[in-house]
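1. With the sequence up front, the predicted model follows.
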Amino acid sequence: SPGLYIVATPIGNLGDLSPRAAHILSHAAIIAVEDSRVTAKLLHHIGVKRQMVPYHDHNAEEVRPGLIARMGVEAVALVSDAGTPLISDPGYKLVRDARAAGHTVWTIPGPCAAVAALTLAGLPTDRFLFLGFLPSKAQARAAAIAEVAGIRATLVLYESGPRLAALLAALAEGLGDREAAVTREITKHFEEAVTGTLSELAARYADAPPKGEIVVVVAPPGAPEAASADDADAALTEALTRLS
Ligand code: SAM
C-alpha cells in the first residue's frame with residue numbers, strides 16, 4: 001500500500017537483511033537512498049531492480065516534497081547505506097512531513113550498529129544514551145563530553161579509526177577512567193570487541209589507529225568498578241560480622 005517504509009539494511013553481513021525488508025525493497029515503487037551505488041549492490045544481492053532517488057543531507061530539502069507527494073499514491077522506501085535509517089543518518093524530517101501530510105509510515109526494523117555494539121560490550125544496558133558522532137574539534141568535543149559526564153547511563157558513540165584514540169583520551173579526561181569497549185567491524189570478518197579502561201584503550205590505539213567501522217561503549221559513572229568495590233566491601237563486612 002502507499003506510504004513511507006523505513007527499511008533497515010545490514011551493517012556488514014548481507015545475511016542480516018530480513019525477509020520483510022527484502023519484500024518491501026522488491027515491491028516499493030521507489031527507494032530513497034543515501035548512495036545509489038551502495039544500495040544497488042544490496043538490490044543486486046536480492047536480484048531486484050528498482051528506481052532509486054538520492055536522498056542525503058545536501059539535497060534533502062529539494063527532494064523531500066516530491067517524495068512526500070509520491071508516497072500518497074505508491075510505496076516509497078527509505079534506506080541508508082547501512083543499518084537503520086534516521087540513526088546518525090537522514091530521515092527524521094521525511095517521517096515528520098509524511099505524517100503531517102497524512103501518509104502512513106511503516107518501519108521494517110533491523111540491524112543498528114549502536115544496539116549491536118551494546119550486545120557485544122558487556123556493560124550495563126538498562127539505561128543508555130546514544131551520542132552518535134561527537135564534534136571532531138577538541139574544544140567542542142570536550143564541551144559535548146562535559147555535558148553528559150553526570151548522566152547515569154551507558155554511553156554509545158560512533159567514531160572513525162583515525163580519530164578513535166583522541167576520542168578515548170578526551171572521554172577519559174572528561175568522564176574519569178571508566179570501563180569501556182571498542183567494538184569494530186560488527187557482523188564482518190574482522191569483528192572484535194576490545195575492553196579496558198578508557199585510558200588503557202586510548203594508549204592501545206594511540207599509535208595504531210584501527211581500520212574499519214567503530215562503535216565505542218562507555219560504562220556509566222560509578223559502574224562497574226565502583227559497584228564491584230562496593231560489593232567487595234559488603235562481602236568483607238559480612239564475613240567480619242560472622243567471625244565476631
Ligand atoms: N544508521 C547506521 C546504524 O543504524 O548504525 C549508522 C550510520 S553512521 C553514518 C555510520 C557509523 O555507524 C560508522 O561510522 C560506525 O561508527 C557505525 N557502524 C556502522 N556499521 C558498523 C559496523 N559494522 N561495525 C561497527 N560500527 C559500525
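-> That came through fine. Numbers count the residues shown, from 1 in each chain.
2. Next up, the contacts around the residue in the chain positioned nearest to the ligand.
-> With Cβ to the nearest ligand atom, the shortest gap between the chain and the ligand falls at residue 83, namely 2.4 Å. All C-beta spots, glycine's among them, are computed from the backbone N, C-alpha and C. Taking Cβ atoms under 8 Å, 6 or more residues apart in numbering, we find residue 83 in contact with 8-11, 89, 110-113.
3. Go again with 10 Å.
-> 8-12, 16, 89, 110-116, 186, 213 (Cβ atoms under 10 Å, 6 or more residues apart in numbering).
4. So which of those are in helices?
-> 113-116 (DSSP state H).
5. give me the beta-bridge partners of the residue of the chain closest to the ligand?
-> residue 9 (DSSP bridges).
6. And it, what's its pLDDT?
-> Reported pLDDT at residue 83 in the predicted model: 98.
7. mean confidence for stretch 214-223?
-> 93.
8. buried set for stretch 168-185?
-> 168-172, 174-175, 177-185 (16 or more other Cβ atoms under 10 Å).
9. If we check the ligand, which of the residues you listed are in contact?
-> 183-185 (Cβ under 6 Å from any ligand atom).
10. Closest to residue 106 out of the ones in helices among the contacts of residue 83?
-> residue 115 (19.6 Å; Cβ to Cβ).
11. what's that closest one in contact with, if anything?
-> Shown in contact with residue 115 (Cβ under 10 Å, 6+ apart): 83-84, 87, 109, 125, 128, 130, 156, 186, 215.
12. Put together a markdown table for the ones in helices among the contacts of residue 83, with pLDDT and distance to the ligand on each row.
-> Formatted as a markdown table, those follow (pLDDT from 0 to 100; distance: Cβ to the nearest ligand atom, whole Å):
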| residue | pLDDT | distance to the ligand |
| --- | --- | --- |
| 113 | 98 | 3 |
| 114 | 98 | 6 |
| 115 | 98 | 8 |
| 116 | 98 | 7 |
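13. Which ones among the contacts of residue 115 lie within strands?
-> If you go by DSSP state E, these have 128, 130, 156, 215 in strands.
14. By neighbours, which of the residues you listed wins?
-> Comparing these by number of neighbours (other Cβ atoms under 10 Å), residue 215 comes first, having 25 neighbours.
15. residues from the protein in reach of the ligand?
-> 11-12, 80, 82-84, 87-89, 112-114, 158-160, 183-188, 213-215.
16. Give me the buried entries from those.
-> Applying 16+ other Cβ under 10 Å to the residues of the chain next to the ligand flags 11-12, 80, 82-84, 87-89, 112-114, 158-159, 183-187, 213-215 as buried.
17. Just the strands from the chain, written as ranges.
-> Per DSSP E, the chain carries strands over the ranges 3-7, 30-33, 51-54, 75-78, 105-108, 128-133, 154-160, 179-184, 192-197, 213-218.
18. coming back round to it: as JSON lines, the ones next to the ligand among the buried residues of stretch 168-185 with pLDDT would be great.
-> Below are these laid out as JSON lines (pLDDT from 0 to 100):
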{"residue": "183", "pLDDT": "98"}
{"residue": "184", "pLDDT": "98"}
{"residue": "185", "pLDDT": "98"}
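19. Which of those residues lies at the shortest distance from residue 39?
-> residue 185 (20.7 Å).
20. so that closest one touches residue 191, yeah?
-> Yes. Look at residue 185 against residue 191 with Cβ atoms under 10 Å: they come within range, at 5.0 Å.
21. Which neighbours do those two have in common?
-> Common neighbours of residue 185 and residue 191 (Cβ under 10 Å, 6+ apart) are 12, 212.
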